[in-house]
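Undergrad: Sequence plus predicted model, see below.
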Amino acid sequence: MKIEEGCCYHIYNRGNNKGKIFFEDENYIFFLKQFKNYVLPSVDVLAYCLMPNHFHFFIRIKDRLNFEKGIKNMLISYTKAINQSYNRVGGLWQGRYKSKKVDSETYYTRIITYIHQNPLTSGLVKKMEDYKYSSFSSYLSDEPSSICKSEVLELFGGLAGFITDHRINDQ
């Protein structure tokens, strides 16, 4: 799929053979640092979640060429670091990252909710706000972040709507 500037995409990938890509907390932190260095200058982040064997980002492209170069370099850099740290060889990823264009407001809210609910639906946490490697808590916090907070909250009609739409029936 051709990435277009100004458009929003759900970007994701998982570990080769559905294997882990994050083995300890330091890996998640390093991955986010690499994302910030290589990718963040060319995108706006609307939501993200890092899971033990895959990741999701919902982003808007500001600079297509730098995004494509940046994400490729980030994933290569991360793989090299993991391989060196854990004395492993070969590919970490199940192929190239995937991208799906998100082009409607309804899809925006659905994909944001889906991304944030990943740790809950997979049983990693009992409450989404308890998961450290997701943007969900950034939206609940008063602290500034690189997340497009006001824009996303508007899609849900404000913070209350954001929280309501994220709740799963059996919570």
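TA: Great, that's in hand.
Undergrad: all contacts plus neighbour counts: C-alpha atoms, from now on.
TA: Fine.
Undergrad: For P119, give me its contacts.
TA: With contacts defined as CA atoms under 8 Å, 6 or more residues apart in numbering, P119 is in contact with 51, 125, 128, 131.
Undergrad: Please, where are all the helices along this structure?
TA: 25-38, 64-85, 105-121, 136-140, 149-155, 159-166 (DSSP state H).
Undergrad: Can you add distance to Y12 and mean pLDDT and give the ones you listed back as a markdown table?
TA: Rendered in a markdown table, the data for the helices of the chain read as follows (distance: least, CA to CA, whole Å; pLDDT from 0 to 100):
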| stretch | distance to Y12 | mean pLDDT |
| --- | --- | --- |
| helix 25-38 | 13 | 96 |
| helix 64-85 | 11 | 96 |
| helix 105-121 | 10 | 94 |
| helix 136-140 | 17 | 91 |
| helix 149-155 | 19 | 89 |
| helix 159-166 | 20 | 92 |
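Undergrad: count of neighbours near the closest residue to R64 other than its chain neighbours?
TA: Ranked by CA to CA, 6 or more residues apart in numbering and with sequence neighbours excluded, the top spatial neighbour of R64 is E5, at 5.5 Å. Summarising burial for E5: neighbours were counted as other CA atoms under 10 Å, giving 15.
Undergrad: burial of Y107, as a residue count?
TA: Y107 has 12 neighbours, counted by other CA under 10 Å.
Undergrad: tell me the contacts of it?
TA: For Y107, counting by CA under 8 Å, 6+ apart, there are no contacting residues.
Undergrad: Could you check how far it is from L155?
TA: 11 Å (CA to CA, to the nearest Å).
Undergrad: Good, wrapping up.
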